[in-house]
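> what follows is a predicted protein model with its sequence.
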Amino acid sequence: MSTGDGALRIGVDIGGTFTDVVCVSDRGGVYEAKVPSRRNEPELALSDGLREVASLVGHETIESLLRKTDMIVQGTTIAINAVLQRNGAKTALLCTRGFRDTLEIRLGYKENRYDFAFIPPQALIPRELRIPITERVDKRGTELMGLDEDEVRRAVLSCQERGVEAIAISFLWSFLNEDHEKRTEEIVRAALPDVFVTRSTSVLPVMREYNRTSTTALNAYVGPRVAGYVERTENFLREMGFEGRIRYVQSNGGLAESAEVQRRPVLLLVSGPAAAPAAGLHFSRLAGRNFITMDMGGTSFDVCLVRDGLPDIRAATDVDGQRVATPLIDVQTIGAGGGSIAVLEEGLLRVGPQSAEAYPGPAAYMRGGTRPTVTDANVSAGLLNSTHLLAGTFPISSAAAATALREEIADAADLTLEDAAAGVLEVVNRNMADAMREITIRRGHDPRDYSLVVGGGAGGSHAAQLAAELGIETVVIPRIASAFCAFGAIVADLRHDYTVSYMSEMKQAEIATLRAILERYEQTAEKTLREEGVSPDDIRFLRSLDLRYKNQVFEVTVDVTDVDLTGEAGSIRNEIESRFHREHERLYQFSQPGYTCELITLRVTGFGKNAPVTFDATVAQPGAEPRPRERRLVHFDRTVRCDDVPVYDGAVFSEDAVFDGPAIVEEPHTTIAIPIGWRGRFSSADQAYVLEQVGAAP
Amino acid sequence: MRETTTVDPITLAVIAGSFAATVDEMTVVIERTARAPIVAIGHDYSNAVYVTVGEDPEMVVQGEDQPCHLGGMISSVKNVARLYAGKLKPGDVIIGNHPALNGTHLPDVDLIQPIFHDGKPVAWACSRAHEIDIGGPVPGGYNPDAEELYAEGLVIPPVKLVEEGRDSDAVWQLILANVRSPEMVKGDIGAQLSAVRTASSRLTELLERYGGDVVIASARELLNRSERLMREEIRAMPDGLYSGECWIEEDGRGTPEVRFGCTIEVNGDQMKVKIESPPACKSYRNSYWGQTRGAVYFGVLSGIAPGIPINEGLYRAITLEAPPLGSMLNAAYPTACVMSTSDIWTNVFNATCDAMSQVVPHRACAGWDRMAGLEIAGIDPRDGQHYGGLLHIGTSGGAGAVYGQDGGGLWGVISTGGASTVGDIELLEFRLPLHFHRYQLLADSACPGRWRGAWGAEVEIEVVDHDAVAGHVGDGTKFPAPSRLGGGSAFDASKRVHRKYVIRSDGSHEPLLLHKSLPVAAGERVHAFLPGGGGVGKAHERDPELVRVDLMSGLLSAEGALADYGRAVDEDGIAIDWELTTRAREPGKPRANATVASSRNSKRGTSEVSQEDGLLAKLD
């Protein structure tokens, strides 16, 4: 390809081991680079990746690449690493006097029962930096005790003396009356202009002080690190002459620009994997609007669910023991990947979560790894090439894979090598299927109503088996699978979520007030989106409400986007209630119509549509018939062994190329296994393979 | 019964995973649908899956739920299977809370569903939850005046709540007519019903896919595997006879403080555990054997390497010797027993743990906070509805240390294993006509040790716009959580036991004694001091850096540092003054730790040594 490729968009996914960079041109060219991540200097990985992509696209320098580029989107681990490595900002918390230990008490919960030596996660802010302030507001939002401003000033001094870099402010019931928090913020900002200050009412103005305080503390804790990173990378890109838009993948799966990211840096906490649903949506012509995305790399396996074009969102989750309650994509992650190590433990085969990672890696990589991994099992089962990976550029040893499996599994369990290999795959597939059940069955969704979109270099050889396990009939494996989230970053929409408390029995809810609050947040969303360069025609909103039965502890989110809130209040309330009962029934197999419902939280989401990407279909050679490069023995599982399975080189087919299982297609970055009973088809327009179940598995 | 069907490691892994996923799914259903706060916030429920591998159903997986349900759920399903042998149909669900049959106390209600394959009940799912009310004279069922079971609520012998998929209106009506808050009870039993049905469909799929033989053989192997791992653990323990004990204070109804004893005999790969019990008492403080057994098992597990899959196979290596039927810890029907899941359970655990910490000192596990429950009840002025029951936030103190590390957190009573959450202040204030003035960790509340207990807390609750009644039930106002291996302290012992007061409108503090209740008028407050956990190892051996960190946090006072740890502190009270410390520790000088009593004997542990003794070491 040449520099005459048209305008470019670049997506970057900075992961733990590798940084993926994908570049697409408006003429449909797709370029993919993978460079090592630099643990403590992620911005270096960005420039390494850009340099690599520049040369793929045919530019001599990053500068000339960037001159042709409209947009750069990053998924970044900067926030999560600050938490995992506990090297975020030195943070203080100003909290209501008498309630200093919310972050340490953690609601009094212990994560497990039988581990007597369990060590709970430590609070991000030590007790001596949790500073109580005299003030109190009650559950109606009425001030019971005024704010002691002198105490705030003394707290500020003490923070200054101790070199505090960030301050979180979170008072009880502040979401009903934010005066005290606002005033405290003013005092702190005036005295400490260089300190990162954040208050709970601007991060998450909803009920439950543990969720709110913890999220606010996290916001402060990662704030300075995120701000520094944003500043450094944006300076770097601007100095290189980049004039396009710089965006970030947020935990909610949508994009945002620096102003929003610096206001609420906690939104970047699970930045990377959150782009998967957007990547999946790009393939909705093949996968439909209801699908599951899986991303299987070397160490971990992430799954998300997309329903009617929207990713499932979690209202709260724990990240390394720290509660986050801003909306996040419901990503289920388990330790399962190509590098996952198989161990025989007292008559039971366990696979993962320990991983051989990239170094020493699977035994087959010949980098000194001797433990059998999932990749070794794939090689021994014949699912992966026995001599080379990455389009012949990366030599591997099937003998080393076999030795590892034999020594640690097959001999001890009295199994053949092939059964041991197929068994490792069966167990890891079961673990992954469980993660998929977690986001489907456990959330009230039937997996058979969904298709599966596959990301990650290791996913292609497992996907059909996983789909079969869950009754999924359609699997889509894009050629870009190995850089799935970097690609997702390019095609994701902008997205801003607002969550606000409104507590009332549903029967008493004032619909006009509700509408006014929703509209106010829609205006805020619109303003932010316009500033981020979205035209009004490309903006749309979602409205939803969290309701529960009176006295229930958890809420159910009900979509009310299409409910006209200008009509007669009584019938609107009835409509909302009946939607709640239906959703409750769907989720939990029971509902109690007639029982009092409570409205707790209002939610507004603003979307800014991103321009679609169209692939260049001419990459494939028109009319070329698939011709197998070789035939080999493949053990699809312990009972299905096929001789002479045809193996094809990827991407040299016409639109209509069809592969009847059993077959293997070796793409440069991923290998696709098509078992018996499945049929594969290559779609050049989508640059993806579609696998469909055509008959019952034998 | 020996079978020869063997299962390969792969199938075993897959089926083990399916059992675990099934229990997980049951838990999620309950978690998300339960209505009453004790279930929804308190997490007072458990789920388990069983397979009939021989004559009886055996528990193959128990969820990460309430330890106090551990033992009872084992006998419950076995007894139901025996009672209903030949009389069960697919789609049946049995309900029951009969203490002698289900191994419960009355508020804990079991729902049990047999899962059929080839016409036989092969697998079983059981969901146990603590209902908000079970009838009887006292809301919630904790009736201190109960002299027999009938005064604690409705006894439900195992009966079919669902017959072949159809709900029995008769049983539903009978139950709901006998309980307060019937809507809530209906919601919670409904949640349990969803849970066992979910398990039923998962296990049916599993049986259809792999066949009954393979599933049963896998279950058998999983049980055998846990048994093997357990026997290896026991084999590594030194053979011998070890004895432990724990004392429980007066029951307020005429029974004096009494001793629970535990003798463990380790012999090869076998362990014999004998429990000594006082006679039964005429109050709510007795325990049926199903409950007691669970506390013993959990005590034994405290000395076992974590990670062994928890199933019934573990206990095959343990022979239990029960005290005589009709004693406090092996109650006979119809003895009252509502405290059997809390204070009794905790102290049976403590006695077992005391013995285990001698068997395996490197896993010594100090006692968690004892159970001294706070209840506040009244009529909510906002809707005229009754509210009440145990408030975890006024009950949960700190966890005990284990060898090698400090107590982990404010996890409450060990019988809940940390599963009960206290709830957000905002959530509690929103739901209840109460206002919280403080809820935070309490200085000097943990028992010291080389590894100290977790800190306790204090909570101050105002009753708003109505008159309420506050009650105090359980144990723990007299003895602190037991420490091990020389941990514990005599200094300021009052902070290491439960204290509750009513703050009257004139500002006076009226003690709310154990087993008593007091009226609390609108605007008055309940102030509860919740102690921390027991310590492990001698306090003066604690790493001084950890003493300094505790001083920095403000949770260890300068006086505490000196009295408990023999560390003198500088003027600012946050750093250790080494010169002073050295002088304090010189031979001939009174040693700061001289009065640290051995607290192996939990009764004479610490609190009865006077406070003055603890301060003797103070420097001149």
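Sure, I can see it.

> could you check which residue of chain B lies nearest chain A?
For chain B and chain A, the shortest gap (Cβ to the nearest Cβ) falls at B:G418, measuring 2.4 Å. C-beta: built from backbone N, CA, C; applies to glycine.

> just the helices in the stretch 251-400 of chain B please.
Secondary structure of the stretch 251-400 of chain B (DSSP state H, counting those that start in this stretch): helices at B:289-301, B:343-359.

> compile those helices into CSV and extend it with columns for mean pLDDT and mean neighbour count.
Output for the helices of the stretch 251-400 of chain B, formatted as CSV (pLDDT from 0 to 100; neighbours: other Cβ atoms under 10 Å in any protein chain shown):
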stretch, mean pLDDT, mean neighbour count
helix B:289-301, 95, 27
helix B:343-359, 96, 28
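
> kindly report the residues of the stretch 251-400 of chain B close to chain A.
Residues of the stretch 251-400 of chain B lying near chain A by Cβ under 8 Å from any Cβ of the partner chain: B:L301, B:S302, B:P306, B:G307, B:I310, B:R363, B:C365, B:H392, B:I393, B:S396, B:A399.

> so who does the residue of chain B closest to chain A touch?
Going by Cβ atoms under 8 Å, 6 or more residues apart in numbering or on different chains, B:G418 touches A:G108, A:Y109, A:K110, A:E111, A:R113, B:A399, B:G408, B:G409, B:W411, B:G412.

> just these now: which is nearest B:E163?
Nearest to B:E163 among these: A:R113, at 33.9 Å, using Cβ to Cβ.

> helix, strand, or coil at that closest one?
Using DSSP: H, G, I helix; E, B strand; the rest coil, the structure places A:R113 in coil.

> dump the residue contacts of it.
A:R113 neighbours (Cβ under 8 Å, 6+ apart): B:E64, B:D65, B:Q66, B:P67, B:G417, B:G418, B:A419.

> quick check, pLDDT for A:I329.
On pLDDT, A:I329 comes in at 93.

> tell me the spacing between the closest residue to A:R430 other than its chain neighbours and B:L222.
Excluding the flanking residues, the one nearest A:R430 by Cβ to Cβ, 6 or more residues apart in numbering or on different chains is B:V14, at 4.9 Å. B:V14 sits 12 Å away from B:L222, going by Cβ to Cβ, to the nearest Å.

> contact partners of the strand or helix carrying A:G570?
Secondary structure assignment for A:G570, by DSSP states H and E: helix A:569-588. For helix A:569-588, contacts defined as Cβ under 8 Å, 6+ apart pick out A:443-444, A:506-507, A:509-512, A:545, A:547, A:549, A:556-560, A:563-565, A:590-593, A:597, A:599, B:29, B:32-33, B:191, B:194.

> buried residues in it, which are they?
By neighbour count on 16 or more other Cβ atoms under 10 Å in any protein chain shown, the buried set for helix A:569-588 is A:I572, A:R573, A:I576, A:E577, A:R579, A:F580, A:H581, A:E583, A:H584, A:L587, A:Y588.

> next, the residue of the stretch 101-250 of chain A found nearest chain B: phi, psi?
Taking Cβ to the nearest Cβ as the measure, the stretch 101-250 of chain A has A:K110 as its residue closest to chain B, at 2.4 Å. As for A:K110, its main-chain torsions (degrees, to the nearest 10) stand at phi -110, psi 130.

> what stretches of the chain score poorly on pLDDT?
Since no chain was named, I'll use chain A. Low-confidence segments of chain A, defined by pLDDT under 70: A:1-5, A:39, A:589, A:618-624, A:651-655, A:696-698.

> chain B was what I was after
Residues of chain B meeting the criterion pLDDT under 70: B:1-5, B:35-38, B:40-42, B:492, B:573-574, B:584-620.

> which residues in it form helices?
B:9-33, B:37-40, B:70-83, B:99-102, B:169-176, B:182-210, B:212-235, B:289-301, B:343-359, B:425-431, B:544-553, B:558-565, B:578-585, B:611-615 (DSSP state H).

> dump the ones you listed into TSV; add distance to B:E147 as well.
Putting the helices of chain B into TSV (distance: least, Cβ to Cβ, whole Å) gives the following:
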stretch	distance to B:E147
helix B:9-33	33
helix B:37-40	25
helix B:70-83	23
helix B:99-102	15
helix B:169-176	24
helix B:182-210	25
helix B:212-235	40
helix B:289-301	19
helix B:343-359	17
helix B:425-431	34
helix B:544-553	46
helix B:558-565	43
helix B:578-585	54
helix B:611-615	38
